[in-house]
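Student: Generate a structure from the sequence data that follows.
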Amino acid sequence: MAASGARGRGRGRIKIATFNINNINTRLPNLLAWLRAARPDIVCLQELKAAQAAFPEDALRDAGYNAAWVGQKTWNGVAILARNRPLFVTRTRLPGNPKDLQARYLEAAIGGIVIACLYAPNGNPQPGPKFDDKLSWMKRLHRHAGMLHKSGAPVVIAGDFNVVPTALDIYPTKSWTKDALIQPESRRAYARLLDQGWTDGLRALHPELRIYTFWTYWRERFERDHGLRLDHLLLSPDLVPRLAAAGVDRDVRAREGASDHAPAWIVLK
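Tutor: Okay, the predicted model is just below:
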């Protein structure tokens with residue numbers, strides 16, 4: 001079962017992907033090319049970097065995708081795409097802090113599955129207020145994820161968590177030691193979600209494989225495969241027996257004008 005490549009979808013299966021697009025309008029040609037090649041059924045997008053009115057809805061509809069999105073000028077922004085099927089938005093904000101107006105969370109029901117798309121705060125520099133905000137946001141996510149878990153509905157929580165869960169999810173290095181992405185507090189916040197009963201789709205099928213979804217643009221990190229796994233798909237317990245494949249479309253990161261992330265995906269029977 002390959003950990004990379006655009007394969008994975010077959011008859012009677014549903015392919016769900018997450019992709020930090022890092023500016024949807026700038027990278028729209030790359031996104032459309034990937035959608036044509038990979039044909040995911042559901043896509044969670046992060047870091048749109050586009051105001052609500054600037055989202056390329058028409059281009060995506062022409063490509064066969066319905067869309068819901070929460071835009072934000074310059075930063076953040078999340079969207080959910082559904083290929084040839086309706087989607088019903090159930091939430092546009094992560095609950096728990098009415099003063100949080102950042103576009104980081106979107107939830108929709110698609111084909112009997114609840115899809116939660118998130119873009120967690122980066123948290124740098126740490127220590128400091130931004131790291132505190134990251135941990136606070138993750139606590140709110142944990143509380144809401146608990147409610148989703150208890151609902152009994154089939155749920156996939158997908159997105160850029162801005163957490164490297166373990167040492168296996170980053171190339172061997174000390175250069176990120178002080179970064180918020182790998183701090184013990186960040187990793188504990190992610191581990192608490194797994195302890196709650198969620199399953200990391202990529203890790204479930206590739207428990208010992210180094211898999212990366214993000215490579216910085218500098219110092220030839222992609223060419224040297226010095227990456228990090230920041231983008232995750234978490235499954236509720238009832239979906240785990242349906243998990244048939246999982247991987248990362250690493251080749252998308254190699255294209256001209258690419259995002260610094262590559263799409264990660266799962267396939268459900």
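
Student: from here on, contacts and neighbour counts on C-alpha atoms
Tutor: Noted.

Student: What is the neighbour count of residue 14?
Tutor: Residue 14 is flanked by 20 other residues according to other Cα atoms under 10 Å.

Student: Double-check it against residue 82; I have them as touching.
Tutor: No - look at residue 14 against residue 82 with Cα atoms under 8 Å: they stay out of range, at 10.8 Å.

Student: Now the residue most central in space within the chain: which helix or strand?
Tutor: Geometric centre of the chain, nearest residue: residue 159, 1.8 Å, by Cα atoms, centre = their mean. Secondary structure from DSSP states H and E places residue 159 in strand 155-160.

Student: other SSEs contacting that strand?
Tutor: When contacts are defined as 3 or more Cα pairs under 8 Å, 6 or more residues apart in numbering; DSSP states H and E, strand 155-160 packs onto strand 14-20, strand 42-46, strand 113-119, strand 231-235.

Student: okay if I get these as JSON lines plus distance to residue 133 and mean pLDDT?
Tutor: Below are the helices and strands packed on strand 155-160 laid out as JSON lines (distance: least, Cα to Cα, whole Å; pLDDT from 0 to 100):
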{"stretch": "strand 14-20", "distance to residue 133": "21", "mean pLDDT": "98"}
{"stretch": "strand 42-46", "distance to residue 133": "19", "mean pLDDT": "99"}
{"stretch": "strand 113-119", "distance to residue 133": "13", "mean pLDDT": "98"}
{"stretch": "strand 231-235", "distance to residue 133": "19", "mean pLDDT": "99"}
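
Student: separation between residue 152 and residue 195?
Tutor: 17 Å (Cα to Cα, to the nearest Å).

Student: cool, residue 154 as well?
Tutor: Taking Cα to Cα, one finds residue 154 at 17 Å from residue 195.

Student: Would you mind telling me which of those two has the busier surroundings?
Tutor: Ranked by neighbour count (other Cα under 10 Å), residue 154 and residue 195 place residue 154 first, with 18 against 10.

Student: With adjacent residues omitted, what lies nearest to that one?
Tutor: residue 113 (5.2 Å; Cα to Cα, 6 or more residues apart in numbering).

Student: Give me the neighbour count for the one you found.
Tutor: Other residues lying near residue 113 total 14 when counted by other Cα under 10 Å.

Student: and if you look at residue 172?
Tutor: For residue 172, the count of nearby residues is 11 (other Cα under 10 Å).

Student: can you check residue 71 too?
Tutor: Count around residue 71 with other Cα under 10 Å applied: 24.

Student: Isn't it up against residue 55?
Tutor: Yes - here residue 71 reaches residue 55: they are 7.3 Å apart, a contact under Cα under 8 Å.

Student: State the pLDDT value of residue 74.
Tutor: On the pLDDT scale, residue 74 is placed at 89.

Student: where along the stretch 51-200 of the chain do the strands fall?
Tutor: With DSSP state E, counting those that start in this stretch as the criterion, the stretch 51-200 of the chain has strands at 65-70, 78-83, 88-91, 105-110, 113-119, 155-160, 199-200.

Student: Format those strands as a markdown table; extra columns: distance to residue 189.
Tutor: Conversion of the strands of the stretch 51-200 of the chain to a markdown table gives the following (distance: least, Cα to Cα, whole Å):
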| stretch | distance to residue 189 |
| --- | --- |
| strand 65-70 | 25 |
| strand 78-83 | 21 |
| strand 88-91 | 22 |
| strand 105-110 | 17 |
| strand 113-119 | 15 |
| strand 155-160 | 14 |
| strand 199-200 | 14 |
